[in-house]
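Participant: Take this sequence and fold it.
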Amino acid sequence: MTLIQLAQVKQWMRLHGHRHGVELQIWDLILCCWVLGWAALPGLILLQHWAVLPGLLLGTLLPTGYVRWRSRMHRLGRLRCDWLCAL
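Facilitator: Next up, the predicted model:
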C-alpha cells in the first residue's frame, strides 16, 4: 500500500468511526505496527538484533496483507467491508 492509500483509509475511518468502532481500533493497531516496523528499523541496524527483523518486516507489510484479506473476504461475502471504497 502507498502512504496515500493508508491516509485515505484512515480518513474514511475518522469520518465513519462512530459506526465502525471495532474496525477503527483494528486499523489503528495495524497502523501502530506499521509505524513501529519502520521506526525500529534504524535501531535494529545499529544494534544488530537480527532476530527482531522478521517481526519488523511483518509490521511493515501488515496493512497490505490486512487490506488484501479484507477485500477477499468481502468478495466472498463473508465480511462486509465498507471502507474498500476509500481505496
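
Participant: Helices along this protein, start to end?
Facilitator: Taking DSSP state H as the test, the helices found in the chain are 3-16, 21-39, 41-47, 53-76.

Participant: Report the buried residues of the shortest one.
Facilitator: Within helix 41-47, the residues that count as buried by 16 or more other Cβ atoms under 10 Å are 41, 44. From N, CA and C alone the C-beta is placed, and that goes for glycine too.

Participant: and that helix, average pLDDT?
Facilitator: Averaging pLDDT along helix 41-47 yields 90.

Participant: And for stretch 5-17?
Facilitator: 87.

Participant: Restricting the selection to alpha carbons, write that stretch to PDB.
Facilitator: Extracted in PDB, the C-alpha atoms of stretch 5-17 (Å, rounded to 0.1, in the frame of the first residue of the first chain):
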ATOM      1  CA  GLN A   5      -3.900   4.800   0.400                       C
ATOM      2  CA  LEU A   6      -3.100   4.400   4.100                       C
ATOM      3  CA  ALA A   7      -4.200   8.000   4.600                       C
ATOM      4  CA  GLN A   8      -7.400   7.500   2.600                       C
ATOM      5  CA  VAL A   9      -8.400   4.500   4.700                       C
ATOM      6  CA  LYS A  10      -7.600   6.400   7.900                       C
ATOM      7  CA  GLN A  11      -9.600   9.400   6.700                       C
ATOM      8  CA  TRP A  12     -12.600   7.100   6.000                       C
ATOM      9  CA  MET A  13     -12.200   5.600   9.400                       C
ATOM     10  CA  ARG A  14     -12.100   9.000  11.000                       C
ATOM     11  CA  LEU A  15     -15.300  10.000   9.300                       C
ATOM     12  CA  HIS A  16     -17.200   6.800   9.800                       C
ATOM     13  CA  GLY A  17     -15.600   5.500  13.000                       C
END
